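Asks: got a sequence here, can you build the structure:
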Amino acid sequence: MLKVGDSFDAFKDVFPVEYEKSLKKLAKKDLFDVKVRVTAGEGELKQKGYITFVVEKGVIVAIGVVLK
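Replies: Numbering: from 1, shown residues only. The predicted structure follows:
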């Protein structure tokens, strides 16, 4: 589980592919975001969306969830 205040390094245990893709941003920027596509529910209740993690100076400072 990831939460605000966690080091961005914790991200690699939960989303290893997205973590690897974001390493360039981490090296170049103090503030950036990472979007992860997600799916929730089943059948007619199935929703797609994404989770946005905002990272500042190597720490997760905000998390947003959008389902459509």
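Asks: could you give the number of residues near the spatially closest residue to residue 36 that is not a sequence neighbour?
Replies: Of all residues not flanking residue 36 in the chain, residue 51 sits nearest, at 4.8 Å (Cβ to Cβ, 6 or more residues apart in numbering). C-beta here means a position set from N, CA and C on the backbone, and glycine is covered the same way. Using other Cβ atoms under 10 Å, residue 51 is surrounded by 17 other residues.
Asks: likewise residue 67?
Replies: Residues lying near residue 67 (other Cβ under 10 Å) number 13.
Asks: for residue 31, see how far away it is.
Replies: Noted for residue 67: a distance of 25 Å to residue 31, by Cβ to Cβ, to the nearest Å.
Asks: now stretch 26-43 - C-alpha only, CSV.
Replies: The C-alpha trace of stretch 26-43 is given here as CSV (Å, rounded to 0.1, in the frame of the first residue of the first chain):
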residue,chain,number,x,y,z
LEU,A,26,13.1,11.5,-10.8
ALA,A,27,16.6,12.2,-11.9
LYS,A,28,15.7,15.4,-13.8
LYS,A,29,12.8,17.0,-11.9
ASP,A,30,12.0,17.9,-8.2
LEU,A,31,8.2,17.7,-8.9
PHE,A,32,6.5,15.3,-11.3
ASP,A,33,3.5,13.0,-11.5
VAL,A,34,3.0,9.4,-12.4
LYS,A,35,-0.3,8.0,-13.8
VAL,A,36,-1.1,4.3,-13.4
ARG,A,37,-4.1,2.9,-15.4
VAL,A,38,-6.5,0.9,-13.2
THR,A,39,-9.7,-1.1,-13.5
ALA,A,40,-12.2,-1.7,-10.7
GLY,A,41,-15.4,-3.8,-10.5
GLU,A,42,-16.8,-6.5,-12.7
GLY,A,43,-19.5,-6.9,-15.4
